[in-house]
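**Student:** Provide a 3D model corresponding to the input given below.
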Amino acid sequence: MGRFPVSSLVLLVLIAAFLTFQNVQASDPELTKDFQVPAGMNAADVDGKFFTNTILGNVTPNAASPFATVTTVNAVAPSQAPFLVVDGLGVSMALLQYPPGTVNPPHTHPRGTELLYIIEGTLEVGLVDSTNKLFTNILYKGDIFAFPKGLVHFQINNDKYKTVRALAAFSSSNAGLVRLPNTLFNTSAPISDKVLQISFGVSGDVVKALRVQFA
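**Tutor:** Numbering: from 1, shown residues only. Now for the predicted structure:
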C-alpha cells in the first residue's frame with residue numbers, strides 16, 4: 001500500500017491545526033513552551049526526525065477479523081514507536097481500515113473529540129448522546145464526521161466487496177479508547193454475573209457465552 005494522496009495529508013494537517021486551538025475541547029494541559037522534549041532526551045539532539053512518524057506508510061488491514069483495523073498514532077501508541085512530539089500538544093490521529101462487512105464496535109474516547117475523514121469508500125456511522133438519542137449517517141469519500149468527546153459511537157462497512165479507509169484526528173495527544181463489549185465482558189477481574197444479568201435482562205448462560213466471545 002502506498003502513501004496517502006497529498007490532498008488527504010493536507011486536509012488532516014488542517015484538521016489537526018484546528019483541534020490544537022480548541023482549548024475548551026482539549027483535555028491535555030497547556031504547554032508553556034513550543035513542544036515537550038521527552039525525559040532522557042537532550043534538547044540539543046532534537047531534529048526533524050523527532051517531528052516525523054512513518055508508521056502509517058505501509059499498514060495493511062486484518063481481513064480475517066470482523067473488526068476494523070485501527071492504527072493509532074499518539075503519545076503512547078504504537079507501543080514500538082510512540083509519536084512523542086504530540087505529548088501536550090492536544091492532537092493525535094489514527095488510520096482506520098474497514099474490510100468488507102467489518103465494524104468498529106461501540107466505543108468512547110473519554111479524553112478527546114474525534115473528526116473522521118473518509119479517504120475512500122462508503123461508511124455508515126452513528127453516535128448516541130447523553131439523552132440516548134441515536135444519530136446516524138452514511139459517509140462518502142471526502143466527508144468528515146464529528147464524534148464529541150465521551151459519546152458512544154460506532155462505524156460499519158456494509159459493502160460486500162470494497163475496503164473503506166479513513167483518517168481520524170483527535171483533540172488530545174491520547175484520547176483513550178473504551179470499547180464497550182470488552183469493557184463489560186473482558187475486564188481484568190470479571191464483573192459479577194448477577195450485575196450483568198440484571199443490567200441486560202439475560203440469563204447467566206448468555207453472560208458466560210459473551211465472556212468466552214470477548215476473552
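**Student:** in the sheet, who's paired with the most centrally placed residue in the chain?
**Tutor:** With distances taken as Cα atoms, centre = their mean, Ala94 lies nearest the centre of the chain, 5.8 Å away. According to DSSP bridges, the residues that bridge with Ala94 are Thr72, Ala168.
**Student:** Same question for the one 4 residues further on.
**Tutor:** Using DSSP bridges, the beta-bridge partners of Tyr98 come out as Val164.
**Student:** Ramachandran coordinates for the residue lying farthest from the centre of the chain?
**Tutor:** The C-alpha centroid of the chain is most remote from Ala44, which lies 33.1 Å away (Cα atoms, centre = their mean). When read as degrees, to the nearest 10, the backbone of Ala44 gives phi -70, psi -20.
**Student:** ok, now the one 3 residues further on?
**Tutor:** Here the main-chain torsion angles of Asp47 (degrees, to the nearest 10) amount to phi -140, psi -170.
**Student:** Now stretch 115-133: buried residues?
**Tutor:** Applying a neighbour-count criterion of 16 or more other Cβ atoms under 10 Å, one finds Leu115, Leu116, Tyr117, Ile118, Ile119, Gly121, Leu123, Glu124, Val125, Gly126, Leu127, Val128 buried in stretch 115-133. Using the backbone N, CA and C atoms, a C-beta is placed for each residue, glycine as well.
**Student:** ok, back up a step: for the residue nearest to the centre of the chain, which residues are in contact?
**Tutor:** Val70, Thr71, Thr72, Val73, Leu167, Ala168, Phe170 (Cβ atoms under 8 Å, 6 or more residues apart in numbering).
**Student:** Pick out whichever of the buried residues of stretch 115-133 sits closest to Thr136.
**Tutor:** Checking the buried residues of stretch 115-133 against Thr136 by Cβ to Cβ gives Gly126 as the nearest, at 4.1 Å.
**Student:** where does that closest one land in three-state SS?
**Tutor:** With DSSP: H, G, I helix; E, B strand; the rest coil as the basis, Gly126 sits in strand.
**Student:** roughly how far apart are the spatially closest residue to it that is not a sequence neighbour and Asn158?
**Tutor:** Among residues not flanking Gly126 along the chain, Thr136 sits closest, at 4.1 Å (Cβ to Cβ, 6 or more residues apart in numbering). Thr136 sits 12 Å away from Asn158, taking Cβ to Cβ, to the nearest Å as the criterion.
**Student:** from the contacts of Ala94, which would you call buried?
**Tutor:** By neighbour count, with 16+ other Cβ under 10 Å, these hold Val70, Thr71, Thr72, Val73, Leu167, Ala168, Phe170 as buried.
**Student:** Stretch 90-101 spans what distance, first to last residue?
**Tutor:** 33 Å (Cα to Cα, to the nearest Å).
**Student:** all strands for this protein, in order.
**Tutor:** Ranges of strands in the chain, per DSSP state E, are 69-73, 92-98, 103-108, 114-120, 123-128, 134-139, 144-147, 152-156, 164-170, 178-179.
**Student:** Turn the ones you listed into JSON lines, including mean pLDDT and distance to Ser188.
**Tutor:** Converted to JSON lines, those look like this (pLDDT from 0 to 100; distance: least, Cβ to Cβ, whole Å):
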{"stretch": "strand 69-73", "mean pLDDT": "96", "distance to Ser188": "21"}
{"stretch": "strand 92-98", "mean pLDDT": "97", "distance to Ser188": "24"}
{"stretch": "strand 103-108", "mean pLDDT": "97", "distance to Ser188": "18"}
{"stretch": "strand 114-120", "mean pLDDT": "98", "distance to Ser188": "26"}
{"stretch": "strand 123-128", "mean pLDDT": "98", "distance to Ser188": "26"}
{"stretch": "strand 134-139", "mean pLDDT": "98", "distance to Ser188": "31"}
{"stretch": "strand 144-147", "mean pLDDT": "98", "distance to Ser188": "27"}
{"stretch": "strand 152-156", "mean pLDDT": "98", "distance to Ser188": "22"}
{"stretch": "strand 164-170", "mean pLDDT": "98", "distance to Ser188": "25"}
{"stretch": "strand 178-179", "mean pLDDT": "95", "distance to Ser188": "14"}
